[in-house]
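Student: Okay, here's the prediction I keep looking at, along with the sequence it came from:
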Amino acid sequence: MAWRLGAACSGIIGAERFERLTLFAEQDSLVNNVQTTVTGAGSVACQTATGIGFGGSVQRLSASNDLDQRKPFDLRSTVYAPNISYGTPSIGQFSLTATFNSTQYPNRTVLTADGLFEDGIRIFSGRIGYQRAFGSRLQLALGASYLKTTPNPETELAVVDNQLTSVSRGGFSGSGYDISIDYTPSS
């Protein structure tokens, strides 16, 4: 469902459920598995007359498998993505976006010093960007971004040198950039 609130804000709300048959090769035979995915999401975007824009989206996804061997791949994910921007035709558009993703695997457990916990991961990404049109045929866009993934829980018990020890599960963080130039030679 699409909606509008006055002249400044609009958005979309939606839900989807689907099932599909997925085949996996297990040694010399194919194994049937029905995977069910349910998604609910919504977004809002507002733009003021002064050039300030803001908005965001929320998505909840659930995926489950019928086959017992595929149950460890079941997941529940929630994603929040806020954004803010400012722009005018003469200076271009600046934007700041972020994504917060929390994913849990309900059929996987991790042994920690505090007991058994449901396996999961948290992902954060952020981007600052700029885009500007130069006439009606040339457009420039560039940005800088940062990504950080963190396992949840962050530690687990493992046998190291014949001793049970709490070890870090590691994660990842890094930065990146993007640039694009679009040119339309004619209509």
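Tutor: In hand now; what should we look at? Please read these numbers as outputs of a predicted model, since none were measured by experiment.

Student: pLDDT score for the nearest residue to residue 136 once chain neighbours are set aside?
Tutor: Residue nearest to residue 136 in three dimensions, not counting chain neighbours: residue 184, with 7.7 Å by Cβ to Cβ, 6 or more residues apart in numbering. From N, CA and C alone the C-beta is placed, and that goes for glycine too. Here, the pLDDT recorded for residue 184 equals 93.

Student: Quick check: pLDDT value at residue 29.
Tutor: 56.

Student: Settle this for me: the residue nearest to residue 136 is touching residue 137, isn't it.
Tutor: Yes: applying Cβ atoms under 8 Å, one finds residue 184 in contact with residue 137, separated by 4.7 Å.

Student: most remote residue from this structure's center?
Tutor: residue 162 (38.9 Å; Cα atoms, centre = their mean).

Student: any chance you could map the strands in this structure?
Tutor: Taking DSSP state E, the strands of the chain run over residues 2-5, 9-26, 29-47, 52-65, 75-88, 92-112, 115-134, 138-152, 155-160, 163-168, 172-183.

Student: got those strands as CSV, with mean neighbour count columns?
Tutor: Formatted as CSV, the strands of the chain follow (neighbours: other Cβ atoms under 10 Å):
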stretch, mean neighbour count
strand 2-5, 10
strand 9-26, 12
strand 29-47, 14
strand 52-65, 16
strand 75-88, 16
strand 92-112, 16
strand 115-134, 15
strand 138-152, 15
strand 155-160, 13
strand 163-168, 10
strand 172-183, 10
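
Student: in this structure, what spans have low per-residue confidence?
Tutor: 24-30 (pLDDT under 70).
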